[in-house]
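Peer 1: A structural model of the following input is requested.
(2 chains)
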Amino acid sequence: MSEARTLPQLLRRNAETIADRTALREKDLGIWQPYSWRQYWEEARDFALGLAAAGFARGDKLSVIGENRPRLYFAQLAAQCLGGIAVPVYQDAIASELAYVLDHAETSVVIAENQEQVDKVLSLQSRLPHLKLIVYDDPRGLNNYDLPLLKSFEAMQTAGRAFGTAHPGYVETAVEAGSEDDLALFSYTSGTTSRPKGVMLSHANLLIPAAALAAGEGIRLREEHLAYLPMAWIGTSLVSIALHMQIGFTCNFPEKPETVQRDLRELGPTIGLAPPRFWENTLTEGMVQAADASPLKRRIFEFFRGVAERVEQTKAEDKPVPLHLRLLRLVGEAIVYAPIRDRLGWRRARVVYTGGAPLGADVFRFFRAFGINLKQVYGATELSGLCSVQADGEVDPDTVGRILDGMEVRIAEDGEVLVRSAGIFQGYYKQPEATQESLTEDGWLKTGDAGFVDRRGQLTIIDRARDVGKLADGTSFAPQFIENKLKFSPYVGEAVVFGDARPFVSAIVAIDPTTVGKWAERQRLAYTSFQDLCTRPEVRDLVRDEIRKCNAMLPEATRIHRFLVLNKEFDADDDEITRTRKIRRRFVADKYAVAIDGFYGGAGDIELSAEITYEDGRKVILHSTLAIGDVDATAPPPGIRLPLAEAALAAETR
Amino acid sequence: MAIGGARPATAPDDVQLSVTGVSKRFGGVRAVEEVSIAVRRGAVASIIGPNGAGKTSLLNMISGFYRPDSGTIVFEGRDTTHLRPAEIAAMGIARTFQNIALFSGMTVLDNIMLGRHVRMKAGVLSSFIYWGLAQKEEVAHRARAEELIDFLELQDLRKQQTSALAYGLRKRVELARALALDPKLLLLDEPMGGMNQEEKEDMARYILDVNEQWGTTIILIEHDMAVVMDISDHVTVLDRGRKIAEGTPAEIQRNPAVIEAYLGVGHAPGERAA
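Peer 2: Just a heads-up that it's a prediction; the model follows:
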């Protein structure tokens, strides 16, 4: 066998060279069940034979819908063995989105995790002319479905083995015939602006950035990884497939989404990748738990948190850390930092990454301060997910690190970041105009992000290029920057900031139901529903205080003057946010135009009619009257208590 | 609530449980009077009726909690009328209660393992030493408990104390514990009482899945008519201790006596496909 250059070729290589090492591990019936590389290959091969027996051929597309499950991975690799293309889709997508992607990709085979997903696909059958076969993993509830296009995973493999006896070496030959330039994956971008686009990626596209990451970061065979993010996210394909095949480490799957935190802790992964949302949530949950702890524990936690953040800050400024701080940090390591790392599940983590969207500097610093080697990566689906990573010792919350080996970055005249690399996609499926628009004439990808490369060669992203705005007086401001500051407050779930061509900055805030709920409990504030809670004047005051704290960290010109507490969360089903939790700013601006008019028209109350979508797809219009809050942006922020530790340290230095 | 899939057909004459002319009085109150029902193996049979109609009393007699004043109960060819609850449980009849009856200081897993107690054979001493049979048995029972945890999607709650769980979840744990008995007949007393719509749909789904996966016969007391009509093969209507009607859900919905007694006059429901 020649050098392995495609995903299936790598799988075969692993099945020979590290056959008995654990490739995948899934928690099933309470026990971690391992699959060796040999088993991975055999399962994928048998399924590929089943697909071949069913007429699946080169260039055909296969979609998986479900949580991370070994069989969904076997199926994707099986399709690629035959020269087919994997098109993973978001399992929580509502019917119309799912129908759009499956139809647009011309998927002929769907692998559904369970009855719920089977039902969803069956309900769309009339809109999917290319669909020939639905294969299910979990048979529960499906025994009496008797439909010709519905087959169990086992039945496919059984049929496959029969086919294999008649056609010896069928899959092996197909794998050998594969080329690194074959298409391997269509990753549908969630699209903050328009309908999802199918990003076509070849084997080389996926493998080259993965190889660059592995080399630059020293990813080893011994790593343990927990794959708990949607299979449709490009980061999952990058780490749990491309990097996984290349290095041969162990990829683990949680028992179910609700058990991720516990599974993380049991497993102690050594590497990890998650979007900012995950880190923000982890921090918020941690804060909720800390708030529930006894006053003594809370004070100890707050004190050492202050110590850690101060050490981190001093290091970031390249100043020597004073001895007493170093000693305190050692004590903190023993009684606070290590136990907290253990609780979060990152006790053994060598390196974890955040990517997909910017992470607030404060959240970033928090994790680093507690000894978790969190680093930023930057990429785009069109770049197979990755083009830059922060090197150890160069970690800085404001940059996204150095461009990977073999890739180039350039800043366009208007400030847009352009990238050239072997990871650049093969185009959007069936959208040549869009493809053309996304590339410069000499083949650089327009990332759509505004940024610059600093003296050290670190790439810094400011915001989405088209979002960077100017206030009426010409002061430029980056909405995302302000939003991330706001989101550092545990009470703020999501925030959208406006101000382009306006006299001042204003914000729509969606509160975090968990933390604000807890807060209300502590305040003995009675409320009937989340909507009711959102409209409480007390909650408005709470948010106002949080905005003041945020304002204190902002230049005076870009401080938030007016705000609205929304009476719902931003929801992907309402198109306000993408499935990867990026705010669709323009859509939100249109939808809540009344609120924005209110901000700048000086209104006190606004009448809001917002359409909301239930889980089953029903839409209703929600009418409500909401009060706009004002913030005195010039006054010094009251109510900012110096965190305990800082107060103590201030006293010490005096 | 469209719950698809035809269930396995049951042989019309394969009666698993037959209750013949049972009556129960409490002092001067005639809780159940001369009620007879026959439940086929693998069926989902519902008992409906207004409050105080005698539904729970009937269930209590089947499970041996009450002893009928007259009449007979035959389960799988054996007269169980005068057996004790533990003996009836050992024959494969499990139940859940209207007011959740879990061990609140114990974890979800322990509650389910407790449900397997009736199936455990090792004695006190060998269990204590945890050797040989006792160990093998414990492992096998734990495996079964894990299957049920998987089936009812309780993985994230294994080690949680049941007292800390939301109401709907406690109902689900109670179902798991009843299933831990590997019952042939499962008696469910208002499994959806106090639940919201989503929890009800989940519970209906679980009940149908239990019935389909293991062929367990189900007798269900439930007030939510939509659920009853949706998932039952057979419905029996009680009113003031007497059986006033029985039949398929469609027949029951058309029955004027039922409409009067239960659904209220002038409140005839529209025809529903069941």
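Peer 1: Give the other helices and strands that the top helix by length along chain A contacts.
Peer 2: If you go by DSSP state H, chain A has its longest helix at helix A:295-316. For helix A:295-316, the packing partners by 3 or more C-beta pairs under 8 Å, 6 or more residues apart in numbering or on different chains; DSSP states H and E come out as helix A:276-292, helix A:323-332, helix A:361-369, helix A:644-653. The way it works is simple: take the backbone N, C-alpha and C, and place the C-beta from them, glycine included.
Peer 1: Can you name the residues of chain A sitting close to chain B?
Peer 2: A:28-31, A:119, A:140-145, A:255-256, A:258-259, A:262 (C-beta under 8 Å from any C-beta of the partner chain).
Peer 1: Show the residue spans covered by the strands in chain B.
Peer 2: B:15-26, B:29-40, B:44-48, B:70-75, B:78-79, B:93-96, B:185-189, B:217-221, B:234-239, B:242-247 (DSSP state E).
Peer 1: Quick check, B:Phe40 in contact with B:Val15.
Peer 2: That one is not Phe; residue B:40 is Arg. Yes: between B:Arg40 and B:Val15 a contact is recorded at 5.9 Å, counting by C-beta atoms under 8 Å.
Peer 1: circling back: take the strands of chain B and lay them out in JSON lines including mean neighbour count.
Peer 2: Below are the strands of chain B laid out as JSON lines (neighbours: other C-beta atoms under 10 Å in any protein chain shown):
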{"stretch": "strand B:15-26", "mean neighbour count": "18"}
{"stretch": "strand B:29-40", "mean neighbour count": "19"}
{"stretch": "strand B:44-48", "mean neighbour count": "24"}
{"stretch": "strand B:70-75", "mean neighbour count": "18"}
{"stretch": "strand B:78-79", "mean neighbour count": "10"}
{"stretch": "strand B:93-96", "mean neighbour count": "24"}
{"stretch": "strand B:185-189", "mean neighbour count": "24"}
{"stretch": "strand B:217-221", "mean neighbour count": "24"}
{"stretch": "strand B:234-239", "mean neighbour count": "24"}
{"stretch": "strand B:242-247", "mean neighbour count": "18"}
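Peer 1: Of the ones you listed, which is nearest chain A?
Peer 2: strand B:44-48 (14.0 Å; C-beta to the nearest C-beta).
Peer 1: That closest one and chain A, are they touching?
Peer 2: No: using C-beta under 8 Å from any C-beta, strand B:44-48 stays clear of chain A, coming no nearer than 14.0 Å.
Peer 1: follow-up on the earlier one: ok, and for the longest helix of chain A, which residues are buried?
Peer 2: Neighbour counts over helix A:295-316 (16 or more other C-beta atoms under 10 Å in any protein chain shown) mark A:300-312 as buried.
Peer 1: just stretch A:267-286 next, same as before
Peer 2: A:267, A:269-280, A:282-284, A:286.
Peer 1: Could you single out the nearest of the buried residues of helix A:295-316 to chain B?
Peer 2: A:Phe301 (23.4 Å).
Peer 1: OK, contacts around the closest one?
Peer 2: For A:Phe301, the contacting residues are A:Ala290, A:Ala293, A:Val336, by C-beta atoms under 8 Å, 6 or more residues apart in numbering or on different chains.
Peer 1: got the strands of chain B as a markdown table, with mean pLDDT columns?
Peer 2: Listed next are the strands of chain B as a markdown table, based on pLDDT from 0 to 100:
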| stretch | mean pLDDT |
| --- | --- |
| strand B:15-26 | 94 |
| strand B:29-40 | 94 |
| strand B:44-48 | 95 |
| strand B:70-75 | 95 |
| strand B:78-79 | 94 |
| strand B:93-96 | 92 |
| strand B:185-189 | 95 |
| strand B:217-221 | 96 |
| strand B:234-239 | 93 |
| strand B:242-247 | 93 |
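Peer 1: Take those strands and lay them out in CSV including distance to A:Glu172.
Peer 2: Converted to CSV, these look like this (distance: least, C-beta to C-beta, whole Å):
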stretch, distance to A:Glu172
strand B:15-26, 54
strand B:29-40, 53
strand B:44-48, 50
strand B:70-75, 58
strand B:78-79, 60
strand B:93-96, 52
strand B:185-189, 50
strand B:217-221, 50
strand B:234-239, 56
strand B:242-247, 61
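Peer 1: Can you check which of those strands gets nearest to A:Ala54?
Peer 2: Closest approach to A:Ala54 among the strands of chain B is made by strand B:44-48 (35.9 Å; C-beta to C-beta).
Peer 1: Does anything pack onto that closest one? Which helices or strands?
Peer 2: Other helices and strands packing on strand B:44-48, by 3+ C-beta pairs under 8 Å, 6+ apart, are strand B:29-40, helix B:55-62, helix B:197-214, strand B:217-221, helix B:225-231, strand B:234-239.
Peer 1: Check which strands are paired with that strand and give the direction for each one.
Peer 2: Sheet pairing here is set by DSSP bridges, and for strand B:44-48 it gives strand B:217-221 (parallel), strand B:234-239 (parallel).
Peer 1: can you redo those strands as CSV with distance to A:Gly604?
Peer 2: Formatted as CSV, those follow (distance: least, C-beta to C-beta, whole Å):
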stretch, distance to A:Gly604
strand B:217-221, 54
strand B:234-239, 57
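Peer 1: I'd like to know which of those lies nearest to A:Leu325.
Peer 2: Across the strands paired with strand B:44-48, closest to A:Leu325 is strand B:217-221 (C-beta to C-beta), at 65.8 Å.
Peer 1: Any chance you could list what contacts that closest one?
Peer 2: Outside strand B:217-221, the residues touching it (C-beta under 8 Å, 6+ apart) are B:16-17, B:39-48, B:55-56, B:59, B:62, B:98, B:184-191, B:207, B:210-211, B:228, B:231-232.
Peer 1: Next, the angle from it to strand B:70-75.
Peer 2: For strand B:217-221 against strand B:70-75, the angle by axes from the mean of the first three to the mean of the last three C-alpha atoms, to 10 degrees is 140 degrees.
Peer 1: Distance of A:Met407 relative to A:Leu418?
Peer 2: 11 Å (C-beta to C-beta, to the nearest Å).
Peer 1: Compare these two and say which is more crowded by neighbours.
Peer 2: Shown here are A:Met407 and A:Leu418; by other C-beta atoms under 10 Å in any protein chain shown, A:Met407 has more neighbours (21 against 18).
Peer 1: wait, what's in contact with that one?
Peer 2: A:Pro209, A:Ala212, A:Cys387, A:Ser388, A:Val419, A:Arg420, A:Ser421, A:Ala422, A:Gly423.
Peer 1: Next, the fifth one: secondary structure please.
Peer 2: By that I understand A:Val419. Put simply, A:Val419 is strand when judged by DSSP: H, G, I helix; E, B strand; the rest coil.
Peer 1: And it, how close does it get to chain B?
Peer 2: The spacing between A:Val419 and chain B, counted by C-beta to the nearest C-beta, to the nearest Å, is 41 Å.
Peer 1: rewinding a little: relative to chain B, which of the contacts of A:Met407 is nearest.
Peer 2: For the contacts of A:Met407, the nearest to chain B is A:Pro209 (34.4 Å; C-beta to the nearest C-beta).
Peer 1: What is the neighbour count of the closest one?
Peer 2: A:Pro209 has 28 nearby residues by other C-beta under 10 Å.
Peer 1: Doesn't it belong to a helix?
Peer 2: Yes: A:Pro209 sits within a helix when classified using three-state DSSP.
Peer 1: Looking at it now. What's its pLDDT?
Peer 2: With respect to pLDDT, A:Pro209 has a value of 93.
Peer 1: Which residues are in contact with it?
Peer 2: With C-beta under 8 Å, 6+ apart, A:Pro209 has these contacts: A:238, A:242, A:379, A:383-387, A:404, A:407, A:421-423.
Peer 1: repeat that for 10 Å
Peer 2: Applying C-beta atoms under 10 Å, 6 or more residues apart in numbering or on different chains, we find A:Pro209 in contact with A:238, A:242-243, A:377, A:379, A:383-387, A:389, A:404, A:406-407, A:421-424.
Peer 1: Leaving out the residues flanking it, which one is nearest to the residue of the stretch 301-450 of chain A found nearest chain B?
Peer 2: Proximity of the stretch 301-450 of chain A to chain B (C-beta to the nearest C-beta) peaks at A:Gly345, 14.6 Å away. Once flanking residues are discounted, A:Gly345 sits nearest to A:Leu264: 2.8 Å by C-beta to C-beta, 6 or more residues apart in numbering or on different chains.
Peer 1: That concludes my questions; thank you for your assistance.
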